[in-house]
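Chemist: Just to be clear, the model below is a prediction. Sequence and coordinates:
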Amino acid sequence: MQKYDWQYLEYLVDQANKTCGWNFTTKIQSIQDTVDLHKHIEVTLANGYQHIPSDWDHLLDELHFALHALHAKILLPWQPARGNFLQIEWFDDDYISLPEDFTFQKNCQFGDIRLQNAYVGHPPLKIFNENDHANVFQTCRFHDRIKSGLNIVISTPAPPTNIETYTKWWNTHAPEFVKSHGWDKIVYYTGHPIIGQVVNLDDLAQVVSCVEVLELQEVIY
């Protein structure tokens, strides 16, 4: 079950160095190393999967997932061994625009189904939660489109964000970003893009507790 460990991440970085022409350290030793690695991925996938060689797709997606899985274990050590969500995603750049009347939810709970992040970058709330204020203009991405993917929340939700603390963080660490996009826009995209909930939560709990590797049989929609 413990496929996504530090040794595996370092193996993936080595493969990316050889395949993508990177020169990133294979000794990942700190949170800052994971943040810097994520920015490598952001730059490589800035224009989508259609603009990179097809044989990079799985490698970079696997590296991206492993990075987040390990990063989450550090920041959220109480979460399940599988991470804080189950993810299903396709390698494509197809999307439709998010409806203008869509409402992001401030809280999420076990079994909620969310739209998968539409970009390699992070939405405002994640930027804040990870205290990542390095090159915010590159990393922060507003969830304004729907792509081919979703994730199911399987962790204990974090407490609601204090709006005063949140506002102060943005005005302190990214004032130019706030000025460029406007505070109302940042607040609107702060939250979880929830579109439903798993019908049988007991079944989901069994899936989460399973120690075997999960294999998707079919997707019905």
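Modeler: That came through fine.

Chemist: Output the worst-scoring helix or strand of the chain on mean pLDDT as CSV, nothing but the C-alphas.
Modeler: Lowest by mean pLDDT, DSSP states H and E among the helices and strands of the chain is helix 57-75, with a mean of 77. The C-alpha trace of helix 57-75 is given here as CSV (Å, rounded to 0.1, in the frame of the first residue of the first chain):
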residue,chain,number,x,y,z
ASP,A,57,2.3,12.2,-19.4
HIS,A,58,2.3,9.3,-17.0
LEU,A,59,5.7,10.2,-15.5
LEU,A,60,4.8,13.8,-14.6
ASP,A,61,1.3,12.8,-13.4
GLU,A,62,2.7,10.1,-11.2
LEU,A,63,5.4,12.5,-9.9
HIS,A,64,2.8,15.2,-9.2
PHE,A,65,0.5,12.8,-7.3
ALA,A,66,3.4,11.3,-5.3
LEU,A,67,4.6,14.8,-4.4
HIS,A,68,1.1,15.8,-3.1
ALA,A,69,0.7,12.5,-1.3
LEU,A,70,3.9,12.9,0.7
HIS,A,71,3.4,16.6,1.2
ALA,A,72,0.0,15.9,2.7
LYS,A,73,1.5,13.3,5.1
ILE,A,74,3.7,16.0,6.5
LEU,A,75,1.1,18.7,6.8
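
Chemist: Quick check: what element follows it along the chain?
Modeler: Next along the chain after helix 57-75, taking DSSP states H and E as the criterion, comes strand 85-89.

Chemist: mean confidence for the next helix or strand after that following strand?
Modeler: The helix or strand immediately downstream of strand 85-89 is strand 95-97, counting by DSSP H and E. Mean pLDDT, strand 95-97: 93.

Chemist: relative to strand 85-89, how tilted is the least confident helix or strand of the chain?
Modeler: 170 degrees (axes from the mean of the first three to the mean of the last three CA atoms, to 10 degrees).

Chemist: Check what contacts helix 57-75 and list those residues.
Modeler: The contact list for helix 57-75 (CB atoms under 8 Å, 6 or more residues apart in numbering) reads 4-6, 8-9, 12-13, 15-16, 19-20, 31, 34, 37-38, 41, 44-45, 49, 52, 79, 83-84, 87, 89, 91, 120, 129-130. Where C-beta positions appear, they are placed from N, C-alpha and C, glycine not excepted.

Chemist: Many thanks, have a good one.
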